[in-house]
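Sequence and computational prediction follow.
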Amino acid sequence: QKEVEQDPGPLSVPEGAIVSLNCTYSNSAFQYFMWYRQYSRKGPELLMYTYSSGNKEDGRFTAQVDKSSKYISLFIRDSQPSDSATYLCAMIFNTNAGKSTFGDGTTLTVKP
Amino acid sequence: DAGITQSPRYKITETGRQVTLMCHQTWSHSYMFWYRQDLGHGLRLIYYSAAADITDKGEVPDGYVVSRSKTENFPLTLESATRSQTSVYFCASSESRLPPREFFGPGTRLTVL
């Protein structure tokens, strides 16, 4: 079993929809939870990260961490066609020797 | 140009050949990373480096060699390429390990025939 499991998708939604992207994990020692966006044939870019449990908001994006359930989510409000990309969750321990563990990604298409 | 660059962007080679993928960053970031991305496996860490002359294995290091004599460069060498090493390779860098703020390069698409 993988340490990080991500909803596989693909996901297709109409413009303006609220999108929910989700990951589960098995290692309770993970402390930082990240979301990356990757456009086709490009490198991933960090959208946001959260430390431990709770919510973090950045514009139309909200990251949510529930450590008791080992479940994280990324919500996109008022989705736009420019949000069409693959979204990767990743996690890391709270140590400078930590190595990021990534989910496999969910491909999102937002249709105009 | 400022940022992180990778070369070549595309490479086709044959089984058994040695291949070196280059990575260069202009930020003087301490940390650099090599990942591979395959369908169905997401990103997997091959090697990383905390500073010049300091490297450590990641999740899938077998068949790869790295060096880091200068802070800005982190080449990845496939000593004897195999078909299973066909993948997209991403280099990344960050100023510190935590909080996580990795910047990724554009990737090298490698095909081993």
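Cool, the structure landed. Residues are numbered from 1 along each chain as shown, chains lettered A, B, ... in the order given.

what sits against A:Leu74?
A:Ser20, A:Leu21, A:Asn22, A:Trp35, A:Leu47, A:Phe61, A:Thr62, A:Ala63, A:Gln64, A:Tyr87, A:Cys89 (CB atoms under 8 Å, 6 or more residues apart in numbering or on different chains). Every C-beta, even on glycine, is put in place using the N, C-alpha and C of the backbone.

among these, which ones are buried?
Buried members of these, counted by 16 or more other CB atoms under 10 Å in any protein chain shown: A:Leu21, A:Asn22, A:Trp35, A:Leu47, A:Phe61, A:Thr62, A:Ala63, A:Gln64, A:Tyr87, A:Cys89.

Quick check, pLDDT for the fourth one.
At A:Leu47, the pLDDT value in this model is 96.

name the element it belongs to?
strand A:45-51 (DSSP states H and E).

hmm, whatever helix or strand comes next after that strand touching chain B?
Scanning forward in sequence from strand A:45-51 by DSSP H and E, the next helix or strand is strand A:54-58. No - residues of strand A:54-58 contacting chain B under CB under 8 Å from any CB of the partner chain: none, with a closest distance of 11.7 Å.

As PDB, could you dump the C-alpha coordinates of the helix or strand just after strand A:54-58?
As assigned by DSSP H and E, the chain's next helix or strand after strand A:54-58 is strand A:61-66. Only the C-alpha atoms of strand A:61-66 are listed here, as PDB (Å, rounded to 0.1, in the frame of the first residue of the first chain):
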ATOM      1  CA  PHE A  61      -7.900  27.900  -3.100                       C
ATOM      2  CA  THR A  62      -8.400  26.300   0.400                       C
ATOM      3  CA  ALA A  63      -6.300  23.500   1.800                       C
ATOM      4  CA  GLN A  64      -7.700  21.400   4.600                       C
ATOM      5  CA  VAL A  65      -5.900  18.900   6.800                       C
ATOM      6  CA  ASP A  66      -7.600  16.400   9.100                       C
END
